[in-house]
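Asks: Mind looking at a prediction? Sequence and model below.
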Amino acid sequence: MAKLFTPFTIRGVEFKNRIVMAPMCMYSSHNLDGKVEDWHKIHYATRAVGQVGLIIVEATAVLPEGRISDRDLGIWSDDHVDGLSELVRLMKQHGAKTGIQIAHAGRKATVDGDIYAPSALRFNDQYKTPVEMSLAEIRETIDAFRDAAIRAKKAGFDLIELHAAHGYLINEFLSPLANERTDEYGGPSENRYRFLREIIDSVRSEWDGPLFVRISAEDYADGGMSTSQYIEMVNWMKTQDVDLIDVSSGAVVPAKIDAYPGYQVPFSEQIRKETGIATGAVGLITTGLQAEEILKNERADVVLLARELLRNPYWPYSAAKELGVAIEPPKQYDRGWIL
C-alpha cells in the first residue's frame, strides 16, 4: 500500500490519507464582513469530494485589523460561526477531516486604518508603516487567538493551525528582521518566541484537539532565521503540545527564492529528524510519485498541496492511479470508474 494513502492519527483524530489541502486565501468575502459565502462552500466541499484527507481552511483573521485583505474570512465574532459550521458540514459529509488556520496579518495587512506589528517597520514601500504594538495590544491579540479557538470548536473543526509563517504577525515576532523590540518580546530568541508561546498556551487552554503550527523555516536574508535556528523553537513547541509543524519558508522580508519542485522538503526533513516532531512538507509538490518519495523516506508525515489542488480538485484520484492504489469514489461517480 502506498504510504500516501495510509491513515494518520493525531490525538484520536484519524485522517484517511496523508493528503492535506494547504490553506490558501480565496479573498471572496465580498461583503467585507469576513463571513463565508457560496464560493467557499463550493470550493472546499469539492476538494472533499476529491478525497483529500484533511482540508485546512484559509487564513482566517482573529481580529478585523489582522486581515490580509478586507475580503478575508474572519473568526473574530460569534457571527462567523454559523457560516464556518456550514463549511465543516459540507466537507465532513464527504469524509474529509477539517482544519482552520487562524491568523493575524500584522504589517502585511492591507485593510483601512492602523495596522499593527512588533516594530514600526513596513514590509516594503507598497505597505503602510505599522503601529508598534503596546503590551496591552499584544495581550488583546493573544486573547483573540484564544477566542478564535473557542469559535473553531463551536463550528466543529477537527484541527487548528496557527499561522506563524509568511511574514504575518507571529512570524514578525519570531524573526529579528521584523522584531526590533527591546522589551520582553524582543531581543534573544526566547523573548521573540514569547508571543507565540503565549498564543499556544492561550489556545491550548480551550482546545484539546490536534494543533499545527505553520512556520517559515528560512528567511532567505542575512540576519534572519534559518532552519537550524528554528530547531530550538520547535523543541519549545513540542513541550507545549503542538502536534505537527507545517514547514514552509520565506516572506518575512522581500527576498529572492529559488523555487523548484520540493524545494522546501529538506526543511521539513531536518526539523523532523532533529526534533522528533511530526512535520508536513509543502512546496511545488505535484505528483503522486513525488509525494510518495517524501513519505516513504520519512522526510515528512503528511504532504500539503496548494496550487496543484486549485488546478485539480480531484488530485487524489490521479495520485492513486499513478501509485496503483484503488480508492472508492462517491457512489454518484461510480460509473466514471467503469471502463
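Replies: Received the coordinates, thanks.

Asks: Please name the nearest non-neighbouring residue to residue 240.
Replies: Closest residue in space to residue 240, ignoring its immediate chain neighbours: residue 200 at 4.6 Å, by Cβ to Cβ, 6 or more residues apart in numbering. From N, CA and C alone the C-beta is placed, and that goes for glycine too.

Asks: I'd say that neighbour and residue 162 touch.
Replies: Yes. Shown here, residue 200 and residue 162 form a contact pair, counting by Cβ atoms under 8 Å, at 7.1 Å.

Asks: buried ones in stretch 124-139?
Replies: For stretch 124-139, a neighbour-count test (16 or more other Cβ atoms under 10 Å) marks 128, 130-131, 133, 138 as buried.

Asks: Ok, stretch 256-266 next?
Replies: For stretch 256-266, by 16+ other Cβ under 10 Å, it's 262, 264-265.

Asks: okay but residue 141 is in contact with residue 147, surely?
Replies: No. Taking Cβ under 8 Å as the definition, residue 141 is not a contact partner of residue 147, at 10.5 Å.

Asks: Of these two, which one has the most company?
Replies: residue 141 (23 against 20; other Cβ atoms under 10 Å).

Asks: which residues in the stretch 1-150 of the chain form helices?
Replies: Counting by DSSP state H, counting those that start in this stretch, residue ranges of the helices within the stretch 1-150 of the chain are 38-49, 81-92, 135-155.

Asks: Any chance of the ones you listed in CSV with distance to residue 174 as columns?
Replies: Shown next, in CSV, are these (distance: least, Cβ to Cβ, whole Å):
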stretch, distance to residue 174
helix 38-49, 29
helix 81-92, 27
helix 135-155, 14
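
Asks: what residues do residue 141 and residue 147 have in common as contacts?
Replies: residue 62 (Cβ atoms under 8 Å, 6 or more residues apart in numbering).

Asks: Was I right to think residue 97 contacts residue 18?
Replies: No. Counting by Cβ under 8 Å, residue 97 stays clear of residue 18, with 11.5 Å between them.

Asks: okay, and the common contacts of the two?
Replies: Between them, residue 97 and residue 18 share the contacting residues residue 53, judged by Cβ under 8 Å, 6+ apart.

Asks: what pLDDT does residue 245 get?
Replies: We note a pLDDT of 98 for residue 245 in this prediction.

Asks: and it, what does it touch?
Replies: Contact partners of residue 245, counting by Cβ under 8 Å, 6+ apart, are 212-215, 234, 237, 268, 271, 277-280.

Asks: make it 10 Å
Replies: Shown in contact with residue 245 (Cβ atoms under 10 Å, 6 or more residues apart in numbering): 164, 212-215, 217, 230, 233-234, 237-238, 267-268, 271-272, 275, 277-280, 300-301.

Asks: now those residues: which count as buried?
Replies: 164, 212-215, 217, 230, 233-234, 237, 267-268, 271-272, 275, 277-280, 300-301.

Asks: Mind checking which of those land in helices?
Replies: Counted as lying in helices by DSSP state H, out of the buried ones among the contacts of residue 245, are 230, 233-234, 237, 267-268, 271-272, 275.

Asks: can you list these in a markdown table and add pLDDT and distance to residue 336?
Replies: Output for those, formatted as a markdown table (pLDDT from 0 to 100; distance: Cβ to Cβ, whole Å):
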| residue | pLDDT | distance to residue 336 |
| --- | --- | --- |
| 230 | 97 | 44 |
| 233 | 98 | 46 |
| 234 | 98 | 43 |
| 237 | 98 | 43 |
| 267 | 98 | 38 |
| 268 | 98 | 34 |
| 271 | 98 | 40 |
| 272 | 98 | 37 |
| 275 | 98 | 43 |
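
Asks: just those residues now: which is nearest residue 156?
Replies: For these, the minimum distance to residue 156 (Cβ to Cβ) is 25.2 Å, reached by residue 237.

Asks: Pretty sure the closest one sits against residue 203.
Replies: No. Assessed by Cβ atoms under 10 Å, residue 237 is found out of contact with residue 203, at 12.0 Å.

Asks: Give me the buried positions along stretch 57-72.
Replies: For stretch 57-72, a neighbour-count test (16+ other Cβ under 10 Å) marks 57-68, 70-72 as buried.

Asks: still on that earlier bit, which residues do residue 237 and residue 203 both contact?
Replies: Shared contacts of residue 237 and residue 203, defined by Cβ under 10 Å, 6+ apart, comprise 162, 211.

Asks: which residues do residue 200 and residue 162 both contact?
Replies: With Cβ under 10 Å, 6+ apart, residue 200 and residue 162 have common neighbours 145, 170, 211, 213, 237, 242.

Asks: from those, which is closest to residue 336?
Replies: The closest of the shared contacts of residue 200 and residue 162, once distances to residue 336 are taken by Cβ to Cβ, is residue 211, at 37.3 Å.

Asks: show me the residues around the closest one that make contact.
Replies: The neighbours of residue 211, taking Cβ under 10 Å, 6+ apart as the test, are 10-11, 99, 149, 159-162, 200, 203-204, 237, 240-244.

Asks: Try it again at 7 Å.
Replies: Residues counted as contacts of residue 211 (Cβ atoms under 7 Å, 6 or more residues apart in numbering) are 160, 203, 241-243.

Asks: May I see the ChimeraX selection of the buried members of those residues?
Replies: Entered in ChimeraX, the line below selects the buried ones among these, by 16+ other Cβ under 10 Å:
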select :160,203,242,243
